[in-house]
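S.K.: Quick one: sequence and predicted model below, then my questions.
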2 protein chains.
Amino acid sequence: MQTTEPYKGTRDFYPEDKFIQNYMFGVFADVVKRYGYLEYDAPILELSSLYQSKSNDEIVSEQTYIFKDRGNREVVMRPEMTPSLARMVARQRQELVQPIRWFSIPNLFRYERPQKGRLREHWQLNVDMFGVEGIPAEHEMLNIIQDIMVAFGANKEDYTIRISDRRIINEVFQQLELNENQIPLIVGLIDKYHKLGLNVFLVEVKKHLTQEQLDSGLDKALSSLMQVKSIDELSEMFSLETTYELSKLIEKLEEADQVKVVFDPAIIRGFNYYTGIVFEIYDSDPQNSRALCGGGRYDELMGLFGVAKLPTVGFGWGDVSMYEFLLSRGLLPKRETEKSLRVLLLGRIYFEASSIIAALRDNGIVTVVDMTDRSLDKKLKAADKDGFENCLIIGEQELKSKKFTLKNLKNKSQDQLTLSKIIEVFE
Amino acid sequence: MQTTEPYKGTRDFYPEDKFIQNYMFGVFADVVKRYGYLEYDAPILELSSLYQSKSNDEIVSEQTYIFKDRGNREVVMRPEMTPSLARMVARQRQELVQPIRWFSIPNLFRYERPQKGRLREHWQLNVDMFGVEGIPAEHEMLNIIQDIMVAFGANKEDYTIRISDRRIINEVFQQLELNENQIPLIVGLIDKYHKLGLNVFLVEVKKHLTQEQLDSGLDKALSSLMQVKSIDELSEMFSLETTYELSKLIEKLEEADQVKVVFDPAIIRGFNYYTGIVFEIYDSDPQNSRALCGGGRYDELMGLFGVAKLPTVGFGWGDVSMYEFLLSRGLLPKRETEKSLRVLLLGRIYFEASSIIAALRDNGIVTVVDMTDRSLDKKLKAADKDGFENCLIIGEQELKSKKFTLKNLKNKSQDQLTLSKIIEVFE
């Protein structure tokens, strides 16, 4: 027997689920459009070469759906949208007018063990701006995030922006004299810092340091780094030249006092392509422990396509953790069918009633016909179970008298009305 | 160097393309919602077993993206939506209230040679109704199709419904004494009849007939069958018991006189699961030769999931041929950006101007900021190239005087206005 379950790690969207998804994506789209972002999309399949050295190596080598097509091309089901976006922008580099503001809500595929907040197929709002060098671009991104939260009905206390800057961390790495092979390993551990905790983090860090580095206390320096709570504190430990932009951005956000923002050296983002400020948004409820949203600046990615470099900031906002966020706070809406009209036919008179039905629809009434051979009683029960408040009963009698029974299932009232009266009721 | 082209047979959707796609899908959704259809979705990946014996064998064995996942499960990127839909309905068979009316606009994947009207990734409106036995269900489907055409601005003359009934063709096959092995082969050829033409069709048909069948003139009978223009004509050739429903449906459609409908014995639909009336919609322009849309009744599919049989009708409407249809008739809309406001900053005053920008957005104005370091002249040119009609210029002077320059790029006028006046202009 054929199973009816969906493939592991994926979801069926029944109408009640799709309604919620459409609601969430609608809020996303409404807010970003206010900022002038235009929607784009890319194919789900891309050549695997697109991801090489542009993405997170762990994701590409271990977590992608990668296979050969019937023409022996190695293809990947996109695990993230940014490489496709960069390819598209590079493809029309000459024609596109800067700043380029684009968004998309693609589904993405990762072959990983399904767990809370992580699925094999998920959707992600992607918002990107190309062509702006300074922090006004980052500021706009964070304003959008904040406006999306407001549009969902969330409060300032519900979430926190955690922010850092790759340049600052790179400077620290340089001062600590980490070598080039160690850096990606340490970056990988920092990226998992909140999941690992300080102790496990240090155990893992030590594995990648030389005896000499351990003797000079490098592990302790990294431990201090991770526990830093502000840029000022970090500046006391290291002499840093790249803190100005991040400090100013945080200052501006704090001034506006619309959002909680903290410097967090553990925010580094897994993807190789980030070059500057990076940020993640977290649910204040530690139960929902994965980032809701994350992004940053990636100025070098376009260069990989052989076109001139283009300053870029962007973020991605997944649907799975965000659904948990909204659900736990009662911020998800309910689907309303009460404004629709259920038409219950008495006997096989569909064709005789069809001009009435068409007239209802032409007048903008959502008209849902029960043309089954069931009894009226069963039809009424089905309408009620499906959430319909208003039923219109049409039989031979009604067609002759041109008066139809409008029955309200909620308050149990009913009226005999002409077609034009019914249309009035629903106006 | 990394190529910037999309994977063969797929499309990038730049904002102007996505705008058109959103328009088309919006029309689809608006019309079907008037009939009470609810949106659903299913995962793109399904286990390959889902398609075995439920779909078109040629498509599954030769034209799917099929591969093993890292857990050695054989998975398929969905080539059509109906098997996923049937799986979902079977999964909630007990809870769902009939008639079930669902729609979806999934992307589908077929590994085939890309050609006009056929791509490796395409989208398709799917509309299905479960729980209604008689032709009122088919009639609703064809009404929806007609309403979608009206909503797109198409005329009755622009397209034709070609319609047949699998039961009629099965009866003819029985009278012609075709054996069980021959039937699927002949069905396959009938499905390609309009592409092959009568002569090639007959050459191919003969290959599958026995000498005895040829001697008794079976090839000539099939030739006559294919050239039949009406059910009456067919009834003169064969004594048929299953013509009542199709005749009545055609009669009702002709009575309403809103749509061109013809009986066409070549309409048989490639998928194995159809059991009754089948139809396809064709562009009247023979240049656009592929069906725009097709569907029919498939009452047996649910049984494959071990649940009680459920009468079902449905159709699919692809995006590629429909785009050609709309394009060739000038029925595609133009994207309008003139109602958006482009803000041009003079100098690095983004943070100083940010309260003004926020106020504009809070008042419902789509506000798109150019915060690059380019000259005002370059900013004006970029705004114009991007289709903006209205630009608001903000510099230090303007912030002090609280009067801003609103410049109309179309009629070259400009005004010095306060924030509240600007908001009034856009109301």
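M.R.: That came through, no problem. Note that the coordinates shown come from a computational prediction; the quantities given were computed from them, not determined experimentally. Numbering: from 1, shown residues only, chains lettered A, B, ... in the order given.

S.K.: Please enumerate residues in contact with the helix or strand harbouring residue A:171?
M.R.: Per DSSP states H and E: residue A:171 is located in helix A:166-175. Residues outside helix A:166-175 that contact it (CB atoms under 8 Å, 6 or more residues apart in numbering or on different chains) are A:183, A:186-187, A:190, A:225, A:231, A:234, A:238-243, A:246, A:265, A:268-269, A:274-278, A:296-297. Heads up, the C-betas are built off the backbone N, CA and C, glycines and all.

S.K.: repeat that with 6 Å
M.R.: A:183, A:238, A:240, A:242, A:243, A:274, A:275, A:276, A:278 (CB atoms under 6 Å, 6 or more residues apart in numbering or on different chains).

S.K.: can you tell me how far the residue nearest to the fourth one when sequence neighbours are not counted sits from chain B?
M.R.: The one in question is residue A:242. Computed as CB to CB, 6 or more residues apart in numbering or on different chains, the closest residue to residue A:242 that is not its neighbour in sequence is residue A:167, at 4.1 Å. Shown here: residue A:167 relative to chain B, a distance of 20 Å by CB to the nearest CB, to the nearest Å.

S.K.: And the pLDDT at residue A:167?
M.R.: Per-residue pLDDT puts residue A:167 at 95.

S.K.: before we move on, what about residue A:154?
M.R.: Residue-level pLDDT assigned to residue A:154 equals 98.

S.K.: does it count as helix, strand or coil?
M.R.: Here residue A:154 is recorded as coil under DSSP: H, G, I helix; E, B strand; the rest coil.

S.K.: same deal with residue A:407?
M.R.: strand.

S.K.: for residue A:309, same thing?
M.R.: Residue A:309 ends up coil, using three-state DSSP.

S.K.: Tell me the secondary structure of residue A:281, please.
M.R.: Three-state call for residue A:281 (three-state DSSP): strand.

S.K.: Not counting sequence-adjacent ones, nearest residue to the residue of the stretch 1-150 of chain A found nearest chain B?
M.R.: As assessed by CB to the nearest CB, chain B sits closest to residue A:36 within the stretch 1-150 of chain A, at 3.0 Å. In space, and not counting its chain neighbours, residue A:36 is closest to residue B:368: 3.0 Å by CB to CB, 6+ apart.

S.K.: count of neighbours near the one you found?
M.R.: By other CB atoms under 10 Å in any protein chain shown, the residues close to residue B:368 number 22.

S.K.: Check residue A:151 too.
M.R.: Residues near residue A:151, counting by other CB under 10 Å: 14.

S.K.: Need the CA coordinates for stretch A:319-333. CSV is fine.
M.R.: Taking C-alpha atoms only, stretch A:319-333 is exported to CSV below (Å, rounded to 0.1, in the frame of the first residue of the first chain):
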residue,chain,number,x,y,z
ASP,A,319,9.6,30.2,8.1
VAL,A,320,10.0,27.4,10.6
SER,A,321,11.4,29.2,13.7
MET,A,322,9.2,32.3,12.9
TYR,A,323,6.1,30.1,12.9
GLU,A,324,7.1,28.9,16.4
PHE,A,325,7.6,32.5,17.5
LEU,A,326,4.2,33.6,16.3
LEU,A,327,2.4,30.5,17.5
SER,A,328,3.8,30.8,21.0
ARG,A,329,2.7,34.4,21.3
GLY,A,330,-0.8,33.9,19.8
LEU,A,331,0.0,36.1,16.9
LEU,A,332,-1.3,33.8,14.1
PRO,A,333,-4.6,34.8,12.5
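
S.K.: For that stretch, buried residues please.
M.R.: Of the residues in stretch A:319-333, A:319, A:320, A:321, A:322, A:323, A:324, A:325, A:326 count as buried by neighbour count, 16 or more other CB atoms under 10 Å in any protein chain shown.
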